[in-house]
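Asks: The sequence and its predicted three-dimensional model are supplied below.
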Amino acid sequence: MAKTSFGEKLARASHKNRSLLCIGLDPDPALMPSRVGVYEFNREIIEATADIVCAYKPNIAFYEALGAEGLEALKKTRECIPADIPVIVDAKRGDIGNTARAYASSLFDYYGFDATTASPYLGLDSLEPFIEYRDRGVFVLCRTSNAGAVDFQSLACRSEYGEMKLFEVVAAKVNSWNRYGNLGLVVGATYPEELKLIRQRYPDILLLIPGVGTQGGDLSVTVSYGADPGLQRTVINSSRQIIYASKGSDFAGAARAVAVEMRDRMNEYLANPVP
């Protein structure tokens, strides 16, 4: 029996929950309610929001920072997410040979994540071990949401595709490598014109879009410029704005209220896109 691909799983969740919203599960003890453990915090957020998201995205750094206890919480968090909701681990891996294979095995075999983020800097051979998991997704860093992205990603390059900025070359390369349909791009909401350009050039590629909310990306523009025609290959992530909506005992309910409002606003913008 053929495995369900990441793209298929994402499309089903998006349609079922009428949602392009992904919630980032990035637990920071300094921001969490007191006397609530990481796994308990995540579990309650998930239980409160699983019917209104298309995916969840834990950033592995927050769990690694807590040592063995944090990594155990990550594994338990993965296991408690409903089977029909895809989970993207934000790991930004990038290495070659046996190291890349070990990273891929850890994230996909041990933890069981449906997708990961990865760096393109070392080239195709560093991504191949991830790509070969044909039922899993690989979101390659393209135009990231941070201010320092311009240091390299805006550099003018002479390439086989002509004169382009580096992030455009990355997008073109990833598109050419996408033989199984499981490759995507990370393009930040904080660079709306670049987001618009990438979506216009590659209307059917998977996009993971961070940067709305706390980082300042405009939600209406992000939806209008970033959503794919079928509304099934776009993941718009928000983390802190949702999961830290309250530090009180009502944190899960508060997170749900913000998530519902954000999901519904996305759907309004889909019906009335920005020109």
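Replies: That came through, no problem.

Asks: Which parts of the stretch 1-150 of the chain are strands?
Replies: Secondary structure of the stretch 1-150 of the chain by DSSP state E, counting those that start in this stretch: the strands cover 21-25, 55-58, 88-93, 115-118, 137-143.

Asks: Alpha carbons of the following helix or strand past the longest one, as CSV, please.
Replies: On the C-terminal side of strand 137-143, the closest following helix or strand by DSSP states H and E is helix 150-153. Extracted as CSV, the C-alpha positions of helix 150-153 are listed here (Å, rounded to 0.1, in the frame of the first residue of the first chain):
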residue,chain,number,x,y,z
VAL,A,150,20.0,40.4,2.8
ASP,A,151,23.6,39.8,3.6
PHE,A,152,23.7,36.8,1.3
GLN,A,153,20.3,36.2,-0.2
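
Asks: could you say what helices and strands helix 150-153 packs with?
Replies: helix 166-177 (3 or more Cβ pairs under 8 Å, 6 or more residues apart in numbering; DSSP states H and E). (Glycine included, C-beta is placed from N, CA and C.)

Asks: pLDDT on the helix it packs on, on average?
Replies: The pLDDT scores in helix 166-177 average 98.

Asks: cool, and stretch 111-125?
Replies: On average, stretch 111-125 scores 98.

Asks: just stretch 38-51 next, same as before
Replies: Stretch 38-51 comes out at a mean pLDDT of 98.

Asks: got a list of contacts for that stretch?
Replies: Applying Cβ atoms under 8 Å, 6 or more residues apart in numbering, the contact partners of stretch 38-51 are 17, 23, 25, 27, 29, 32-33, 56, 58, 63, 66, 69-70, 72-73, 76-77, 80-82, 85, 242-243, 251-253, 255-256, 259.

Asks: Show me what counts as buried in it.
Replies: For stretch 38-51, a neighbour-count test (16 or more other Cβ atoms under 10 Å) marks 38, 39, 41, 42, 43, 44, 45, 46, 48, 49, 50, 51 as buried.

Asks: Provide the secondary structure category for the spatially most central residue of the chain.
Replies: Taking Cα atoms, centre = their mean, the centroid of the chain lies closest to residue 208, which sits 4.5 Å from it. Here residue 208 is strand, with the state taken from DSSP: H, G, I helix; E, B strand; the rest coil.

Asks: so it touches residue 237, yeah?
Replies: Yes - between residue 208 and residue 237 there is a contact under Cβ atoms under 8 Å: 6.6 Å.

Asks: Could you check how far residue 41 is from residue 32?
Replies: In this view, residue 41 and residue 32 are 5 Å apart by Cβ to Cβ, to the nearest Å.

Asks: tally of neighbours for residue 194?
Replies: 21 (other Cβ atoms under 10 Å).

Asks: Just the pLDDT for it.
Replies: Listed pLDDT for residue 194 reads 97.

Asks: What's the separation between it and residue 153?
Replies: For residue 194 relative to residue 153 (Cβ to Cβ), the value is 9 Å.

Asks: which neighbours do the two share?
Replies: Here residue 194 and residue 153 have 143, 167 as joint contacts, going by Cβ under 8 Å, 6+ apart.

Asks: what residues are up against residue 242?
Replies: Residues in contact with residue 242 (Cβ under 8 Å, 6+ apart) are 23, 24, 45, 49, 213, 255, 258, 259, 262.

Asks: and of these, the nearest to residue 139?
Replies: Ranked by distance to residue 139 (Cβ to Cβ), those are led by residue 24 at 13.2 Å.

Asks: contacting residues for the closest one?
Replies: Residue 24 makes contacts with 56, 57, 58, 59, 90, 210, 237, 238, 239, 240, 242, 243, as judged by Cβ under 8 Å, 6+ apart.

Asks: Any chance of the buried residues of stretch 38-51 in JSON lines with distance to residue 178 as columns?
Replies: As requested, these are arranged in JSON lines below (distance: Cβ to Cβ, whole Å):
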{"residue": "38", "distance to residue 178": "35"}
{"residue": "39", "distance to residue 178": "35"}
{"residue": "41", "distance to residue 178": "36"}
{"residue": "42", "distance to residue 178": "31"}
{"residue": "43", "distance to residue 178": "35"}
{"residue": "44", "distance to residue 178": "37"}
{"residue": "45", "distance to residue 178": "32"}
{"residue": "46", "distance to residue 178": "30"}
{"residue": "48", "distance to residue 178": "35"}
{"residue": "49", "distance to residue 178": "30"}
{"residue": "50", "distance to residue 178": "29"}
{"residue": "51", "distance to residue 178": "31"}
